[in-house]
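Student: pasted the sequence and its predicted model underneath.
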Amino acid sequence: MDDEDPMARKAAWRTRLRRARRERATRPGAARERELQARLLGGHAGALLAGVPGLDGRPSPDGVSRGRAAPRVALFHPLPSEPPVLPLAAHLRARGAELLFPVHAEGPELGWVVWDGEDFAPSSGRGFGAEPGGTRLGPDALATAALVLTPALAVDLAGTRLGHGGGYYDRALAHVREGVPVVTIVHPHEVLPAGALPRMPHDRPVPRALTASGLTRLDRGVRAGGAES
């Protein structure tokens, strides 16, 4: 397996992980499990915001920060098989964050829109989740984020993230300012042992993962990480 082409290994992992997600989504009790997962993810908002400049973690009833421009947090609208992050989005907004959501744009990079709290509409992009309305911003809008939360099919304890195969987030993360926390959100069983996923030169490692079980530090291949909460 170690000598196998990394692209083939990635494809095999994607097939396996997508099948597992489909099976979990259709098994008895899946809807109840998803509701619980949504509540648990929402409960980790404070831990996510700890140390993020401009966000003190205390709720703001009107959803805006006190007397200053609201720090931006990049999130995503989940596909049906992805972790249910919209309750988390509501918690982050209530704590003073301005939320950026990705939108499909012509070309290889994501566009971004500031979420106004209203409903989402279907995306024009194949494989994209729903999108908010509003003024579309360019790819470099991600450079204004104080925290970036990404989707993935899995991540391993070395910090290797496996996306859906379009390369959108590898390109997007190039815009993130140095020192800004990047957290990948997956299901608990999708945090894999260090080295499980192939990493190629264009793949951008991530330092943390969030699941319904809490935050996990990823050590980028130095040694296996441990749960933080």
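Tutor: Yes, it's here.

Student: my guess is residue 182 contacts residue 150. True?
Tutor: Yes - using CB atoms under 8 Å, residue 182 makes contact with residue 150 at a distance of 6.6 Å. C-betas here are computed from N, CA, C, even on glycine.

Student: shaky segments in the protein?
Tutor: Scanning the chain for pLDDT under 70 picks out 1-3, 56-68, 220-229.

Student: just to revisit the earlier point, show me which of residue 182 and residue 150 is the more surrounded one.
Tutor: Using other CB atoms under 10 Å, the more surrounded residue of residue 182 and residue 150 is residue 150, with 26 against 20.

Student: mind checking the SS state of the more buried one?
Tutor: Under DSSP: H, G, I helix; E, B strand; the rest coil, residue 150 falls in the strand class.

Student: ok, now which ones touch it?
Tutor: Residue 150 is in contact with 74, 76, 161, 163, 169, 173, 182, 183, 184, 185, 206, counting by CB atoms under 8 Å, 6 or more residues apart in numbering.

Student: take the residues you listed and keep only those in strands.
Tutor: Among those, the residues falling in strands (DSSP state E) are 74, 161, 182, 183, 184, 185.

Student: could I get the full set of helices for this protein?
Tutor: For the chain, helices defined by DSSP state H occupy the ranges 6-26, 30-42, 45-49, 86-94, 168-172.

Student: picking up where we left off before, now do the shared contacts for residue 182 and residue 150.
Tutor: 173, 206.

Student: using CSV, write out every CA atom in stretch 151-160.
Tutor: The C-alpha coordinates for stretch 151-160 follow below in CSV (Å, rounded to 0.1, in the frame of the first residue of the first chain):
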residue,chain,number,x,y,z
PRO,A,151,-15.1,20.7,5.7
ALA,A,152,-13.4,17.4,4.9
LEU,A,153,-14.1,13.7,4.5
ALA,A,154,-11.4,12.9,7.1
VAL,A,155,-8.3,14.2,8.8
ASP,A,156,-5.5,12.3,10.4
LEU,A,157,-3.5,13.1,13.6
ALA,A,158,-0.5,14.2,11.5
GLY,A,159,-2.7,17.1,10.2
THR,A,160,-3.4,15.7,6.7
